[in-house]
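**Student:** What follows is a predicted structure for the sequence shown.
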Amino acid sequence: MIARGRRRRTWEYLFAATGSVLLLAIAAFAAVSLAALKDTAFRQSEENLRQFAHAVTRILDTEPRLLDPQELQRFCENIGREQDFRVTYILPDGTVLADSGAKPAILENHASRPEVASALAGTERAAIRMSHSIGKPMVYFALPYKGNALRLAVTVDYIDTASRQIAAVLVAAALAILIVALGVSMLASRSIIVPVAALERAAHRFAEGSVDLRIDATRFPRELAELADTLTAMAASLDEKMRALDRQNRETGAILSGMNDALIVLSPDGRVARANRAACELFSLDGETATGMPLIQAVRSVDVVDFLSRAREDGSETTVELKAPSGTKSLLVRLSRADEGGSEILVFSDITRLKKLERIRKDFVANVSHELKTPITSIQGFIETLKDGAIEDPQAARRFLDIMDGQTSRLGAIIDDLLTISRLEQSEGSAIPREETRIADLFEGVRGLCGEFARKKGTELSFEAPEGLSCPVNPGLIEQALVNLALNAIKYSPEGARVAVSARLKRDDSSSALILEVADNGIGLSEKDRGRVFERFYRVDKGRSREQGGTGLGLSIVRHIALAHGGTVSVDSVEGVGSTFRITVPV
């Protein structure tokens, strides 16, 4: 904010300007008037002296006695007393013969006086100057008379007195005019001051961030009304732009919060300017306290800082794969620049799942290739053996054909299981057909498919469920899942083991779910195997699995059946103690 001292208001400027103009105008008028008055007074005095001088010459012409110097002196003194004039009679050499104001003998020679010199030269002349004899300014008039000079003079005191009186009247009139004019000016200036004050208040509100301005300019002068309308329109436009910007910021915030990718905006000095929800979760940040942090403090990863340094040197958008600070996630980091020399944007994409899927895909391709290649290679080997002459030995040929039949069945089972998984994957995300199914009926189906195999291995197969329990499920798929789990438990349990298949309904305040469990007291699973046992072709013991005739896809099918029902599958296992596989289906 600009510092400023005490500034005068608009009405003070108007008052000072109006007063100054009026004072100058009145002073100029007074000066001109007084000068004109003085000039008129001087001219009038000169004319009076002229007329009276000619009257005196006529008296001198008719009174011979006045030729006597003493009589002339008395005559001049009488006229001076009666008319308040000074009368001087001067000889051609400048000597004063008679004077009404002083004794002639004490007066100096007047030949050098301008008016006297002109009169002695035969020309009338008037003059205004300081009198050397009495020390006062006077108006002189001299005319020639019979070779001599007759001069009359009058003081200008009365002119000065009259000027002072007139000046006093003018000052009083000027003050009265000034007061009236300033009053009128104040009243007139309100039409400007009031609108200006309203505009000033509106401008202050505008500067403070208020854009809700409505200025009533109906009584404003046209120019100020136009300014008020412009200010109102500008506030309305700014309000609309601020609303649009606010909406855009909220939309941007919502987009950033909804992003799965972590996003960090860096200010030009390399500090965190903004971090979205995903970034806060990834790097365990508080969105408010993260702002202003150095990048290394926020992400706690030297790899990210090194990547940023290299990307800045390259001067282009760059992508690199890094590990998260926790070391459990793989990140794809991209750097882009908002503007030249300005903000930078770091986007962290969590590709852990993609990496896992890529690994699963590679393992699947390798496993399916291996699983298919093994029976095919075996079949090809026996065919070549038969071609080489073994077909002539009926007993050997029969044995080879039985083996080839088994391998063909195994190959068909693998293909059937792959097709089953494919169908289940296609049904994920869409509703599968369901029907109200009695769990006891499902158990009977499982018993029929697995009972003979359990008896051959001496395994005790039991079923437990609340009487009358029924749920909306796909009976064919759920039965297949339970059969896969039961057969798996029987295969990998020692002879005389127990396999228990159970069902129960779990309810809480907002939902209910069907819990299906298959428990055994077999070999169990290690912690490593528990995490991968539902992957395709994953085998805990690869050699033993093939001996048991498994395809490596049974548990993967169980997982996809659970997902198709919108449920989950899990396993609890202790190595050497046994395992419990659990299917949870929302109902």
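**Tutor:** Structure received.
**Student:** Tell me which strands the host helix or strand of A273 pairs with, and in which orientation.
**Tutor:** Using DSSP states H and E, A273 sits within strand 272-275. Taking DSSP bridges as the criterion, strand 272-275 sits next to strand 262-266 (antiparallel) in its sheet.
**Student:** Which SSE is immediately downstream of the least confident helix or strand in the chain by mean pLDDT?
**Tutor:** In the chain, the helix or strand scored least confidently by mean pLDDT, DSSP states H and E is helix 542-547, which has a mean of 49. Downstream of helix 542-547, the next assigned helix or strand under DSSP H and E is helix 554-564.
**Student:** name the helices or strands packed onto that following helix?
**Tutor:** Counting contacts by 3 or more C-beta pairs under 8 Å, 6 or more residues apart in numbering; DSSP states H and E, helix 554-564 packs against helix 394-427, helix 475-491, strand 568-574, strand 578-586. From N, CA and C alone the C-beta is placed, and that goes for glycine too.
**Student:** Out of those, which one sits most buried?
**Tutor:** With neighbours defined as mean count of other C-beta atoms under 10 Å, these peak in mean count at helix 475-491, which reaches a mean of 23.
**Student:** Can you list the buried residues in whatever helix or strand comes next after it?
**Tutor:** Later in the chain than helix 475-491, the nearest helix or strand by DSSP H and E is strand 498-507. With burial defined by 16 or more other C-beta atoms under 10 Å, the residues of strand 498-507 counted as buried are 499-503.
**Student:** and which of those is nearest A197?
**Tutor:** A503 (84.7 Å; C-beta to C-beta).
**Student:** I296 versus the closest one, what's the distance?
**Tutor:** Computed as C-beta to C-beta, to the nearest Å, the A503 to I296 distance reads 55 Å.
**Student:** With E251 instead?
**Tutor:** Relative to I296, E251 is positioned 31 Å away (C-beta to C-beta).
**Student:** Those two: which is more packed in?
**Tutor:** Set side by side, E251 and I296 give different neighbour counts by other C-beta atoms under 10 Å, the larger being at I296 (13 against 10).
**Student:** Do I have it right that that one meets V302?
**Tutor:** Yes - if you go by C-beta atoms under 8 Å, I296 and V302 touch, sitting 7.4 Å apart.
**Student:** Any chance you could list what contacts stretch 506-517?
**Tutor:** Identification of contacts with stretch 506-517 by C-beta atoms under 8 Å, 6 or more residues apart in numbering yields 439, 471, 473, 478, 481-482, 500-505, 567, 580-587.
**Student:** Report the buried residues of it.
**Tutor:** Residues of stretch 506-517 classed as buried: 513-514, 516-517 (neighbour count, 16+ other C-beta under 10 Å).
**Student:** Same question for stretch 150-170.
**Tutor:** If you call a residue buried by 16+ other C-beta under 10 Å, then stretch 150-170 has these buried ones: 150-156, 159, 163, 167, 170.
**Student:** and which of these is nearest L282?
**Tutor:** Distance ranking of the buried residues of stretch 150-170 against L282, using C-beta to C-beta, places L170 first at 90.9 Å.
**Student:** Distance-wise, check that closest one relative to L24.
**Tutor:** 14 Å.
**Student:** And for A167?
**Tutor:** 16 Å.
**Student:** Show me how far stretch 162-169 is from its chain's centre.
**Tutor:** Centroid separation for stretch 162-169 versus its chain: 71 Å, with C-alpha atoms, centre = their mean, to the nearest Å.
**Student:** and the residue nearest the centre of the chain, what are its phi and psi?
**Tutor:** Taking C-alpha atoms, centre = their mean, the centroid of the chain lies closest to L245, which sits 7.9 Å from it. Note on L245: backbone dihedrals following degrees, to the nearest 10 are phi -70, psi -40.
**Student:** quick one: contacts for it?
**Tutor:** Per C-beta under 8 Å, 6+ apart, neighbours of L245: none.
**Student:** I'd like the numbering to begin with 213 instead of 1 from here.
**Tutor:** Sure thing, new numbering starts at 213, so read that last one as L457.
**Student:** ok, it to T442 distance?
**Tutor:** Counting by C-beta to C-beta, the gap from L457 to T442 is 22 Å.
**Student:** Could you report the neighbour count for I735?
**Tutor:** Neighbour count of I735, defined by other C-beta under 10 Å: 19.
**Student:** What pLDDT is listed against the residue lying closest to F594 once chain neighbours are set aside?
**Tutor:** Spatially, and ignoring its direct neighbours in sequence, F594 is nearest to F612 (4.5 Å; C-beta to C-beta, 6 or more residues apart in numbering). Looking at F612, its pLDDT stands at 71.
**Student:** do the same with D741
**Tutor:** 78.
**Student:** likewise D629?
**Tutor:** On the pLDDT scale, D629 is placed at 63.
**Student:** Likewise for A701?
**Tutor:** pLDDT, A701: 88.
**Student:** ditto for the one 3 residues further on
**Tutor:** At Y704, the model reports a pLDDT of 84.
**Student:** how near is the nearest residue to it once chain neighbours are set aside to S714?
**Tutor:** Among residues not flanking Y704 along the chain, G734 sits closest, at 5.0 Å (C-beta to C-beta, 6+ apart). Distance of G734 to S714, computed by C-beta to C-beta: 17 Å.
**Student:** repeat for D721
**Tutor:** The gap separating D721 from S714 is 24 Å, by C-beta to C-beta.
**Student:** same check, this time on A608
**Tutor:** To S714, A608 is 49 Å away according to C-beta to C-beta.
**Student:** got it, and S785?
**Tutor:** Taking C-beta to C-beta, one finds S785 at 17 Å from S714.
**Student:** just E294 next, same as before
**Tutor:** Applying C-beta to C-beta, the value for E294 to S714 is 158 Å.
**Student:** and if you look at F432?
**Tutor:** The spacing between F432 and S714, counted by C-beta to C-beta, is 89 Å.
**Student:** got it, and T300?
**Tutor:** Separation of T300 from S714 (C-beta to C-beta): 158 Å.
**Student:** swap in E438?
**Tutor:** According to C-beta to C-beta, E438 stands 87 Å off from S714.
**Student:** Same question for D732.
**Tutor:** Here D732 is placed at a distance of 12 Å from S714 (C-beta to C-beta).
**Student:** ok, now P407?
**Tutor:** Separation of P407 from S714 (C-beta to C-beta): 89 Å.
**Student:** go on, E412?
**Tutor:** E412 sits 84 Å away from S714, going by C-beta to C-beta.
**Student:** try R298
**Tutor:** Computed as C-beta to C-beta, the R298 to S714 distance reads 153 Å.
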